[in-house]
Structure formats: C-alpha cells, structure tokens
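Student: mind looking at a prediction? Sequence and model below.
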Amino acid sequence: METTPQQIVTAISTSEIKQVSGSVAILEALVAEGVDVIFGVPGGATIAIYDALFDYSEKLKHILVRHEQGAIHASQGYARTSGKVGVALATSGPGATNMITGIADAMIDSTPVVCITGQVYAHLLGSDAFQETDIVNMSSQITKWNYQITDATEIPSVLAKAFYIARSGRPGPVLIDITKNAQLQMFDYKGYTKCDHIRSYRPKPIVRPSYIEQAAELINQAQRPMVLLGQGVILGGAEAEFKAFIEKSGIPYAWTVLGAGAIPSDHPLNVGMLGMHGNYAPNMLTNQTDVLIAIGMRFDDRVTGRLDKYAKQAKVVHLDIDPSEIDKNIKATVPVWGDCKETLPMLTALIEKKQHTDWLARFQAYYQDELELVIYPELNPTSGEITMGEVIRHLNDITNGEAVIVTDVGQNQMVASRYSKLNKTRSNVTSGGLGTMGFALPAAIGAKYGAPERTVITIAGDGGFQMTLQELGTIMQNKIDVKIIVLNNRFLGMIRQWQELFNDSRYSFSDLESPDFVTLATSYKIASKRVADREELPAALNEMMNSKGSFLLEVMVTKENNVFPMVAQGCSLSEIRLK
Amino acid sequence: MKNMQNEEINKQEFNITLYTENHVGLLSQVASIFTRRKINIESLNTSPSEVEGIYRFNVVIIETDELMNKLIRHLEKLNGVIKAYYHSNNDVIWQEMALYKMPTSIIEEQLNVERLLRRYGARVVVIRKDYTVFEASGHREETDNLITLLQPYGLIEFVRSARVAIIKKSDGFNSKLKEFERLNPLPDAYSEHFLNEITKGLIV
C-alpha cells in the first residue's frame, strides 16, 4: 500500500541545516534510497559528482564500466536479480546517448533503473555546447519518467520522485539529467524525504472485487483452462501467491521468456515456454483452451503469433497492474486490474480445488512428440558437433538449477530459455522485449552484484558477445566472479536460421569471423578454455564452475543448427513446426 | 485491404480532454503518443482549467473508437497527465475562433460584405484605413464557409485557433481532483467506462 507516512530518512533539524553541493545531495539521495552499487563512466559533465564520490567509497560502491551501454545493462542485471532499483551514471552527450539502447530495453522489460546523466551548464543549454545533447527529449519515449535539474535545490525531491516512480507500479527506467552548475551549486540541504505519492501518477489501479468474482466464476466453469505466466509475477513478488493459485486450481501453466523460473521449473503443472520458439504443447493447445488466464504478461507478438487466429475460442482473464495493457492486443473477457500480489490470493480464495487430469494428459501427449522429434536429439546428440542444447543439459547437471542464467539474444537465448533448469525466482536475466544483442555480459556483471552469493553464468553467442566484450575489462579490474560461456557457431545464428528457412539459404552477411576468444580472455587475465569435442564438454564445464573467479569457456557448436519448434512470423500458433 | 477500408469508415473525429500538471516537456510527450502510431493531430489547444495549477488539453484526432480506448489509457499513463477523457462531437460543445483581415475600402463600398458578416455573427476587432480585422467563431464549416464567401472580396489574411470543447456531461474537475490528491482515492475517481461496458455483456 502507498499509505506509509512520509519518512524523513536523513533527519536534520533546522539548526543543523548545512550547505552542501548538488553533487553531495545526489549521493546522499542514493544512500538514503539504499543503493549500494552504481555503474558508470566519468566524464566532463559528471566530474563534480565523481569528485564527491571520492569521499563516499565506504557507502557507495562504484563500478567503472568500459562503455555507458555496459553501465545501463549492468544496472538492469542488478535490478533483475536483486529486485532493487539499479543505478547508472553517465556524462552528457555521448555518455547519455550510449545508454539509450539499455534504457529502451529496461522500458520494454519493465526493469526499475534510475539513470543519472550529467548535462552542460544551464546557461549553455540549447547552444550546441561541447557534449550537449537534448537527452531529456531523446529519452522521453523510452523512460517511465524523466526530468532535467538545473538548480541544486531540486535534487533531493526529484531524485526521491525518480526512485519512487522507477520501482512502484509497473517498474521502469527513469532518467534524471543534471546540469553541471546544479552539481557544483552550494545550497541549504534540509535532508532527504522519500516520495510516496504523486498526484498525476497512480502506480496501481484499484482492485475491483466484482471482477475477481467474475474471473473466479469463469475459472470454476472452465474445462480446459490454461495459465500464462509473465514477468509481472516476479516483479510483484507474487511467486508464492502464483504457486498457491495454480496448485489449488490444478491449471497447467506456460510461461513467457521473462516469466521463466518464477516458480521452480520442475513443477508438475509447468507445460513449458510460450511463443515463437516455445514448447509444442502450450502453443498447440492455446487454440483449444476455453479459458486463458494471463497473469502479468502482455501478449507480445512473439507470444501470440498471428493475432487474429490467437485463442479465438477462449475467454480471457487478464491480470495486470498496467491498465493500458488490458485489451491492448487481446480483448479481455474479465480484466482484473491490480497488483497480482493482491489479486491472486483473492482469486485463489474463490476458486474450487480441482484437477484437470485429462487436459494435462493432452499437454503430455504433445510433449512426447516434441521430446522425440526435437528435445531428445538436441540434448543428447551422439555424432557431429556439440549442440547448444547439450551444453545446457550438462550445465543443468552441474548447477542443479541453482545458478542465475544471463543470456544474450538469438539462438543461444532461445535454447537457454527452453532448457535451463531454474529453481529460484530471479534466476533468469535476459533481454526479452527489445532483444538487445550484447546485453548478457554487462547484465551478468550487474546480476552478480545484485545476488553476490549466487553463481552467475552468462550464455552468449559469438555475435552478441562481440557487441559488448569490452566489459571483460570491468570483470578483470573488479575481479567479478562471472562464468562466461560463448556458444560459437561462427554465424549470427538466428538470422542464419531465418535465411535458411525463409530466404532459400541465402546467407546474406550472417557469417561471422571472430577473434580467438581464449587469447582475448587471457589478455584480460580471465581464465579460459575452448572445447570442441563432445567428450571434453562435461569436464570443461566443471573446470569453469570450479575455477575461482571469472572464466570464459568457448564452446564450438554446430554451425548450422536450427532452434525448433518454431512459429514463423505472421503464422498462427497452430502452424508451429517441429522441423 | 477490406479491413483497412472498414477502418477508414469507422473513423470519426474525437475530442480528447486531458487534465494535466504544468510540466516542461509534457506537450511533446502527449504528442508522441499520437506520432508513434502515425496519427495526425487535427487540432490542439492547451489552457488553464477551472482548477488552479491544472492545465487542460483539447486534442482532436480522427480515429476508430476501438483505438481511442487504448490511446486514452496510454495518455493517462504519462506522468503529468492526471486524467484523460475522449468524446465524439455529439458529446461536446465546441468552438473555433477565426480572424479575417479585409481591405477596409471593400467593406465601405460593398453592402454584400456587411450582410455576410452579420449573417455569420462576425465582430470587428480593429479598423484601420487600409484594413479591418473581423473575428468569428463557430464550427469548422462555418468559419470555412466565411472564407469562401470573403475570398472574392479580397480577403487578405486568415487565421483560425485550435478547437476548444466543453464536455456536455461533465461536473468539472474540482471534485475529481480532490480524489486524486488523496493517497487512496475512492473507486469513483476512476471513470473506467470501458470496464462498465464489458460488465454488461458478461456472465453475471
């Protein structure tokens, strides 16, 4: 609830009002918000903040990344594993624009981050000053909120608002642009007050019991119901509530890429992944279910396939915290607005305890088909080069589902999402909505700081890895314990797959020549190994996992392998192909 | 193709009313909701509302009812927008104001012009030796018609304001705003008319 009384975090009585610089006020705000690590690169327009940071090293850890895109992705990774707000710091101009991709990524994946960018002196704004860009306008489409501060007195209240907006309701990125004069300006600091209410902002809609009742009635009458699990369950911290709901209702659940692992993936009601490269059963049966219960997911086009042939027969119960998601792509029969942490228990209370044995058996039958034609050959090949699925299978044996898996984008991502065993929530970090190649390595850095006690494994392809590989420098300098697997197929694999399937194998600019990744890692003082033989794979993975500190394992995988099943773009889910 | 044609037919003018805070940059954010969907803004006006510190946007676009629902919720999601409504032309009373600059000599000499101006309820704003400026307000067709009629008499310059619209069934924003000022507004503060519509056809 948003009713907590406003808390004075840094209580300072009037007699104690002190003069501080804007820069100090920024850092005080971060400390008050419980931030323990920030990711950034200093520059001309943030030098004052960095000067103040010099005296804050005990309270705030700063990780120097190699590129601002690394800073924003690291803050995303941190937010994903910790559930807290990630913070990225960049200078004006190119520093700020380098973060754009990551901000867009955080926006579409609802990741709470606060980006602080330096800006030129206020009197230079609009004059095309050195390293000036209008980052507020540029980022307005991809932030939940943004604001430019030109006067230091605004800093405490604006940053309080920034953190409140970033983490509340449907989370998202906030960018605060702070001019250099404001950073340097001395002002009467009256302490920091956390924000808990903004008049033009409603973090969550009011729960309407009548819709809960209608939803429960639909669910109780359903013969062939199916639950679609999205990241909203994780963002809302409603994993236990979700588990209680499906276990009482006995309804099989399928998950989106970002919903993966919200509850342990070996749950008997788990029927697999949704969408383009999802499992056969949930995709086939979406068009046969009578009641679809979507929880914290947004019917992305990669999930629905062709929209006008998507679950036309089904009544749809849609639980979402964001009213603009209801009816956006799929018309809801019953829209259950609200935070699923509140609405799910209300729903669970009203539904009957059931089992859908026959219906579950139909998922099982489709699973057998997929197992035989796709899964078994992918995970247990006996000849040819190593497959991506095989790597994940061995990895599962070693991690037993306890590790955080950070994937890049493309075939590596789809294979890792499909086959990774996940026992804990917040174990799956990937760029879902934006599909940002290069996301994995910097995000893994942040993921490790967000969950320092956990093992963090990055899985990237040879293409995506090269988009942000400079962050190996960050790993080296800060001795960050991240395990890196590069699945090297010498191609931009997913593009090659599309070209093979839809463009008559015309491999237009998708083949890739790469540096020697092992030597590359060595020059960054990171332990490394290359493996190409099937027999050596388990030992190599064990060596990686047992090594102290970071490790890069390059696995030479099949050059031309395809991820199946696949729902081709523009096709209905029923047209899913197994080969 | 057939769908597209149907969509064109189902499109009509809608009047969007936004109650907002007064933030730098809000206008561009509001505009972006339309531009990212390639929707043209036919008319846009911002002015203070009846509540101090709250601004009111009037935006006119041509769209389908279905899309309007989605747009309104995206607009309301913007930080700074307190409430968004949309209405068809039948549900609002609206006016546009136009200024016409005419050669004074023509008005002196031509009786017809005087009649025209009387018929359209135009007022004189300024009279100079060389020109006279009239003001007329009304619907788009009315002010448009007057241009056509004045054109043969040497209309020098013409300008028209954006549309301002008053919602027929509105009790104003004062009471609503008080609800938003609370930490826990009552459900009444939310006019989720589309939800009510759905309720009608539902299983209950």
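Tutor: Good, I have the coordinates.
Student: can I see the domain layout of the chain?
Tutor: Going with chain A. A:14-189, A:209-363, A:385-556 (automatic domain parsing).
Student: my bad, chain B
Tutor: If you go by automatic domain parsing, chain B breaks into B:2-92+B:169-194, B:93-160.
Student: can you put those in JSON lines and add distance to chain A, mean pLDDT and mean neighbour count?
Tutor: (C-beta placed from N, C-alpha, C; glycine too.) Compiled in JSON lines, the domains of chain B are given as follows (distance: least, C-beta to the nearest C-beta, whole Å; pLDDT from 0 to 100; neighbours: other C-beta atoms under 10 Å in any protein chain shown):
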{"stretch": "domain B:2-92+B:169-194", "distance to chain A": "4", "mean pLDDT": "83", "mean neighbour count": "16"}
{"stretch": "domain B:93-160", "distance to chain A": "25", "mean pLDDT": "91", "mean neighbour count": "15"}
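Student: now render the domains of chain A as a markdown table, adding distance to B:Ile61, mean neighbour count and mean pLDDT.
Tutor: Shown next, in a markdown table, are the domains of chain A (distance: least, C-beta to C-beta, whole Å; neighbours: other C-beta atoms under 10 Å in any protein chain shown; pLDDT from 0 to 100):
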| stretch | distance to B:Ile61 | mean neighbour count | mean pLDDT |
| --- | --- | --- | --- |
| domain A:14-189 | 19 | 22 | 96 |
| domain A:209-363 | 17 | 21 | 96 |
| domain A:385-556 | 27 | 21 | 97 |
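Student: circling back: could I get the domains of chain B as CSV with distance to A:Val207?
Tutor: Putting those into CSV (distance: least, C-beta to C-beta, whole Å) gives the following:
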stretch, distance to A:Val207
domain B:2-92+B:169-194, 9
domain B:93-160, 36
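Student: can you tell me the element the closest residue to B:Arg140 other than its chain neighbours falls in?
Tutor: Spatial nearest neighbour of B:Arg140, excluding adjacent residues (C-beta to C-beta, 6 or more residues apart in numbering or on different chains): B:Glu96 at 6.1 Å. Using DSSP states H and E, B:Glu96 falls within strand B:92-103.
Student: strands paired with that strand, and their directions?
Tutor: strand B:131-138 (antiparallel), strand B:157-160 (antiparallel), strand B:164-167 (antiparallel) (DSSP bridges).
Student: can you give the contact residues for the helix or strand following the longest one?
Tutor: Helices and strands here follow DSSP H and E; after strand B:131-138, the next one along the chain is helix B:140-150. Residues lying outside helix B:140-150 but in contact with it, judged by C-beta atoms under 8 Å, 6 or more residues apart in numbering or on different chains, are B:96, B:98, B:100, B:102, B:113, B:116, B:120, B:122, B:136-137, B:155, B:158, B:160, B:163.
Student: what sits against the residue in chain A positioned nearest to chain B?
Tutor: Of all residues in chain A, A:Ser324 sits closest to chain B, at 3.8 Å by C-beta to the nearest C-beta. By C-beta under 8 Å, 6+ apart, the contact list for A:Ser324 reads B:70, B:73-74, B:76-77.
Student: if we can go back for a sec, just put the domains of chain A in TSV and tack on distance to B:Leu44.
Tutor: Formatted as TSV, these follow (distance: least, C-beta to C-beta, whole Å):
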stretch	distance to B:Leu44
domain A:14-189	17
domain A:209-363	21
domain A:385-556	30
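Student: what sits against residue 122?
Tutor: Just going to use chain A. A:150-151, A:179, A:181-182.
Student: that's the wrong chain, I wanted chain B
Tutor: B:100, B:134-136, B:146 are the contacts of B:Ala122 under C-beta under 8 Å, 6+ apart.
Student: still on that earlier bit, which pair in the contacts of helix B:140-150 spans the largest distance?
Tutor: B:Val113 and B:Arg163 (26.7 Å; C-beta to C-beta).
Student: tell me the secondary structure for the closest residue in space to A:Tyr189 that isn't next to it in sequence?
Tutor: Leaving aside its chain neighbours, A:Tyr189 sits nearest to A:Val20 (4.3 Å; criterion: C-beta to C-beta, 6+ apart). At A:Val20 the chain is in strand, as set by DSSP: H, G, I helix; E, B strand; the rest coil.
Student: just list whatever residues bridge to A:Val20.
Tutor: Residues in beta-bridge contact with A:Val20 (DSSP bridges): A:Phe187.
Student: was I right about it contacting A:Gln185?
Tutor: No. Under the criterion of C-beta atoms under 8 Å, A:Val20 is not in contact with A:Gln185, lying 9.8 Å apart.
Student: who's in contact with A:Lys328?
Tutor: Taking C-beta under 8 Å, 6+ apart, one finds A:298-299, B:70 in contact with A:Lys328.
Student: swap in B:Tyr55?
Tutor: B:19-22, B:46-49.
Student: quick check: the farthest pair among the residues you listed?
Tutor: B:Glu21 and B:Ser47 (14.3 Å).
Student: coming back round to it: pull up the gap between the residue nearest to B:Arg140 and A:Ala48, please.
Tutor: 50 Å (C-beta to C-beta, to the nearest Å).
Student: residue contacts, A:Val429?
Tutor: A:76-77, A:80-81, A:404-407, A:443-444, A:447.
Student: redo those residues as TSV? Include secondary structure.
Tutor: Formatted as TSV, the contacts of A:Val429 follow (three-state DSSP):
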residue	secondary structure
A:Gln76	helix
A:Gly77	helix
A:Arg80	helix
A:Thr81	helix
A:Val404	strand
A:Ile405	strand
A:Val406	strand
A:Thr407	strand
A:Ala443	helix
A:Ala444	helix
A:Ala447	helix
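Student: out of those, which touch chain B?
Tutor: Applying C-beta under 8 Å from any C-beta of the partner chain to these, one finds that nothing falls near chain B.
Student: setting aside sequence neighbours, what's the nearest residue to B:Ile106?
Tutor: Looking at B:Ile106 with C-beta to C-beta, 6+ apart, the closest residue is B:Tyr153, at 5.0 Å.
Student: B:Ile107 against B:Glu114, yeah?
Tutor: Yes. Look at B:Ile107 against B:Glu114 with C-beta under 8 Å: they come within range, at 6.8 Å.
Student: packing partners for the longest helix seen in chain B?
Tutor: When chain B is parsed with DSSP state H, its longest helix is helix B:65-77. The contact analysis (3 or more C-beta pairs under 8 Å, 6 or more residues apart in numbering or on different chains; DSSP states H and E) places helix B:65-77 against strand B:12-20, helix B:26-35, strand B:81-88.
Student: who does the shortest one touch, helix- and strand-wise?
Tutor: Under the contact criterion of 3+ C-beta pairs under 8 Å, 6+ apart, strand B:81-88 touches strand B:12-20, helix B:65-77, strand B:164-167, helix B:174-181.
Student: in TSV: the ones you listed, plus distance to A:Thr333.
Tutor: Shown next, in TSV, are the helices and strands packed on strand B:81-88 (distance: least, C-beta to C-beta, whole Å):
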stretch	distance to A:Thr333
strand B:12-20	26
helix B:65-77	16
strand B:164-167	30
helix B:174-181	29
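Student: so which of those is nearest A:Asp290?
Tutor: Comparing the helices and strands packed on strand B:81-88 by C-beta to C-beta, helix B:65-77 comes nearest, at 24.8 Å.
Student: and the residue nearest to B:Arg140, what does it touch?
Tutor: B:43, B:137-140, B:143, B:160-164.
Student: which among the residues you listed gets closest to A:Tyr419?
Tutor: Using C-beta to C-beta, the contacts of B:Glu96 come closest to A:Tyr419 at B:Ser43, 54.9 Å.
Student: in a strand, B:Phe42, correct?
Tutor: Wrong residue type there; residue B:42 is Glu, not Phe. Yes. Assessed with three-state DSSP, B:Glu42 lies in a strand.
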